[in-house]
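Peer 1: turn this into a model:
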Amino acid sequence: MPAETFREIAMTLKTTCCKKIQFQNCELTTRKLSEFFIGCKDHHLSLSRLNIMDSTMLPDAYYDVANIVKITKCTILYFRYCDLSIQKLESLGKGCKESRILIPTLGIDWSYITATDDHISILCDLMAVVGEMLALFNLEIDAKRKQRLIDTLHLENSTVRF
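Peer 2: Model prediction:
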């Protein structure tokens, strides 16, 4: 799908009053997300949910997702099958911090996060940009690392679901 199509998708969502979108295997690039962002901004689109299922996204694209969440006032950002590396999670966190936004609910499912100390550290850092809930599905995590996440969440006044 050409990048320009993503601007048209935003217009269609606004025209049909649709509040949810799922990008699945769209080979999302920074350019495609930039076009979608422009479309959202031009049409004053608001979204309740943005689902991304795309393992091909590069880390820079995650930064752009934060801008989309901000402009659309999205309340649920959900990643599934995204192969979330530490660099991708850091890019998302950086984008949110620089845009000064909170993601009310961030869901991560089947995204190949290994529960290493490094991944747990970046998830703890992400809690600064999650307003209400971090939902982690299908994550194999030991009791010590789970407790570290829970302790961080209590400090951030958020909840976590495993």
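
Peer 1: go ahead and flag the most central residue of this structure.
Peer 2: In the chain, the residue lying closest to the centroid (C-alpha atoms, centre = their mean) is residue 77, at 4.6 Å.

Peer 1: now do the SS call for that residue.
Peer 2: Assigned by DSSP: H, G, I helix; E, B strand; the rest coil, the conformation of residue 77 is strand.

Peer 1: show me where this structure has its strands.
Peer 2: Ranges of strands in the chain, per DSSP state E, are 20-24, 49-53, 76-80, 103-109, 130-137, 159-161.

Peer 1: on contacts alone, who are the packing partners of the second one?
Peer 2: When contacts are defined as 3 or more C-beta pairs under 8 Å, 6 or more residues apart in numbering; DSSP states H and E, strand 49-53 packs onto strand 20-24, helix 59-72, strand 76-80. Where you see a C-beta, it was placed from the backbone N, CA and C, and this is true even at glycine.

Peer 1: pipe these into a markdown table and attach mean pLDDT per row.
Peer 2: A markdown table is the format used below for the helices and strands packed on strand 49-53 (pLDDT from 0 to 100):
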| stretch | mean pLDDT |
| --- | --- |
| strand 20-24 | 96 |
| helix 59-72 | 95 |
| strand 76-80 | 96 |
